[in-house]
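Colleague: give me coordinates for this.
(chains A and B, ligands or ions: 1)
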Amino acid sequence: MSAEPVAAVVIGASAGAVQALSEILPRLPADYPLPVLVVVHVPSAPSGLTTLFSTKCAMAVVEPDDKEMLAPGTIYFAPPGYHLLVEPGGSVALSADEPVLYSRPSIDVLFESAADSFGPALLGIVLTGANEDGARGAAQIVAQGGSVLVEDPATAYAATMPAAALAHCPAARALSLDAICEALISVAAQ
Amino acid sequence: MNEAPAEPVEDIEIQLLLEALYQRYHFDFRHYAKSSIKRRLRQAREQLGFATFSAMQEKVLHSEAMVGPLLDYLTVQVSEMFRDPGYFKAMRERVVPHLRTYPSLKIWIAGCSHGEEVYSFAIMLLEEGLLDRTMIYATDINPGALEVARSGVYPLDRIAAFTRNHQQAGGKTSLADYYTTAYGRAVFDKKLRAQVVFSDHSLVTDEVFTECQLVSCRNVMIYFDRTLQDRAVGLFRDSLTRRGFLGLGSKETLRFSEHAAAFTDFVREEKIYQRGEA
Ligand SMILES: C[S@@+](CC[C@H](N)C(=O)[O-])C[C@H]1O[C@@H](n2cnc3c(N)ncnc32)[C@H](O)[C@@H]1O
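Modeller: Predicted coordinates for the structure are as follows:
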């Protein structure tokens, strides 16, 4: 991990996302001191993710409006149909740009903008999925000095996405969901 | 040397490029949301084959032919007829009854892109018997987009989605009543745009140009920073009649606007606001 304290967490997940996220997000405490931004590939609006995770999680769970300021203790799900980006001042910018790798929201778009805004203070996490989204973004996070954790392809529901992230981004570490969760809790304690 | 951390070179180059575009051609992207403009400029740089933004800037300054292509990267033309059907349903059920009370109507669709939103409103107003007393002002900064909007021609493979949205938006007729097909394309009926004025207008650099009862500006201000959003909302406030309506995109809000107090929530879930009396 980089020496800089982490200021924000970004997570990308596709096929098998709900299961994987359910093993992580509900274990974060209500006063988790970082904003957590999540892109999940969902086919259409409404996604139902916020409703689902609100009931499971201690942290606040929202679909942000454009230009909302990121706050600690909050999980932000990208709204279906929009890319979720982070502005340099730490606010949300949504965009209706074309899908990237057939997806809107796109994990790469979130990761790249967050890497530009948070630099070394960003932690990125790539979970299960059956495509290559997140690989470019993960590399960009590392290029800006941040760190990346990847769900171990050997145990992931769908290995393609974590494997692609590891291939593009050799500095990323492969971990079990359990270990990812522990890492999330320990970076917040720094 | 001062102590402030140096800005990344790429950011400096982007500022200079946008400055060149503004000073030379008066297209002002200097206060667009940084994250999304940077992403689109990186795409443009890759696909137009430039090694750096400085090289692009040089070309922009010296060749007018660069402006069109660049504009197509900088302005995103993604739209759909009856996009977010709930919005149009709320317009029909909640706003139209108020519009009916006016002998004549003016509606401003700002950032109309390829016109999908314009034809959606025209069809809804026709179905509600209001189209012949309405003037629709449809504006955008992208001349190519306005051209497509004016033509009312869309690829046939988009029609299924448009039709589904129209039904979900409470459509009273069949969408097929409004277009004919030829050569793999759907051509929308001229009568839908008999009352539409398409024109070039920038929410960033131009002023208010008409008084109207309804403004619909969806998924345009997400590309602006907060300062620019305030400017645009100020234009809408100044052009709306008292009790006039403002509709935004489904993830946009006036909550952060310095003009928030001039408006009240009208249909909160659909981001439809009403201008106050003041
Ligand atoms: C994503 S499209 C939105 C289309 C449509 N309103 C919708 O919601 O489906 C954004 C549009 O805003 C236009 N635009 C960008 N900057 C603008 C400005 N300064 N003034 C007016 N329109 C602008 C773009 O050219 C583009 O057509």
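Colleague: for the lowest-mean-pLDDT helix or strand in chain B, give me every contacting residue.
Modeller: Least confident helix or strand, chain B: helix B:67-74 with a mean of 93, by mean pLDDT, DSSP states H and E. By C-beta atoms under 8 Å, 6 or more residues apart in numbering or on different chains, the residues outside helix B:67-74 that reach it are B:21, B:25, B:27, B:29, B:32, B:37, B:40-41, B:43-44, B:47-48, B:56, B:60, B:141-144. Where you see a C-beta, it was placed from the backbone N, CA and C, and this is true even at glycine.
Colleague: so which of the residues you listed also contact chain A?
Modeller: Residues of the contacts of helix B:67-74 in contact with chain A (C-beta under 8 Å from any C-beta of the partner chain): residue B:40.
Colleague: any weak-confidence spans in the chain?
Modeller: As the question left the chain open, I've gone with chain A. Low-confidence segments of chain A (pLDDT under 70): A:1-3, A:45.
Colleague: wrong chain, I was asking about chain B
Modeller: Across chain B, the ranges flagged by pLDDT under 70 are B:1-5, B:278.
Colleague: quick one: the strands in it?
Modeller: With DSSP state E as the criterion, chain B has strands at B:105-110, B:134-140, B:153-155, B:179-182, B:185-188, B:196-200, B:212-217, B:240-248, B:263-267, B:272-275.
Colleague: the first one to strand B:196-200, inter-axis angle?
Modeller: Just to be clear, that refers to strand B:105-110. Here strand B:105-110 runs at an angle of 30 degrees relative to strand B:196-200 (axes from the mean of the first three to the mean of the last three C-alpha atoms, to 10 degrees).
Colleague: what's strand B:105-110 packed up against?
Modeller: helix B:116-127, strand B:134-140, strand B:212-217, helix B:226-239 (3 or more C-beta pairs under 8 Å, 6 or more residues apart in numbering or on different chains; DSSP states H and E).
Colleague: name the strands paired with the shortest one and say parallel or antiparallel.
Modeller: Okay, so that is strand B:212-217. Strand pairing for strand B:212-217, determined by DSSP bridges: strand B:105-110 (parallel), strand B:240-248 (parallel).
Colleague: would you agree residue A:112 is in contact with residue B:39?
Modeller: Yes. At 6.8 Å, residue A:112 and residue B:39 qualify as touching, with contact defined as C-beta atoms under 8 Å.
Colleague: the more surrounded of those two?
Modeller: Between residue A:112 and residue B:39, counting by other C-beta atoms under 10 Å in any protein chain shown, residue A:112 is the more crowded of the two (26 against 22).
Colleague: just give me the neighbour total for the nearest residue to that one once chain neighbours are set aside.
Modeller: Spatial nearest neighbour of residue A:112, chain neighbours left out: residue A:140 (4.7 Å); criterion: C-beta to C-beta, 6 or more residues apart in numbering or on different chains. The tally of other residues near residue A:140 (other C-beta under 10 Å) stands at 22.
Colleague: residues in contact with residue A:140?
Modeller: By C-beta under 8 Å, 6+ apart, the contact set of residue A:140 is A:108, A:111-112, A:115-116.
Colleague: distance check, residue A:187 against residue A:9.
Modeller: 8 Å (C-beta to C-beta, to the nearest Å).
Colleague: and for residue B:143?
Modeller: Relative to residue A:9, residue B:143 is positioned 43 Å away (C-beta to C-beta).
Colleague: check residue B:8 too.
Modeller: 23 Å.
Colleague: tell me which of those two has more neighbours.
Modeller: Neighbour count, other C-beta under 10 Å: between residue B:8 and residue A:9, residue A:9 has more, with 23 against 12.
Colleague: where does the more buried one sit: helix, strand or coil?
Modeller: When classified by DSSP: H, G, I helix; E, B strand; the rest coil, residue A:9 comes out as strand.
Colleague: tell me the bridge partners for it.
Modeller: The partner residues for residue A:9, given DSSP bridges, come to residue A:36, residue A:123.
Colleague: list the contacts for it?
Modeller: A:34-37, A:122-125, A:184, A:187.
Colleague: what's the neighbour count on the residue of chain A found nearest the ligand?
Modeller: Nearest to the ligand, among the residues of chain A, is residue A:96, at 4.4 Å (C-beta to the nearest ligand atom). If you count neighbours by other C-beta under 10 Å, residue A:96 ends up with 23.
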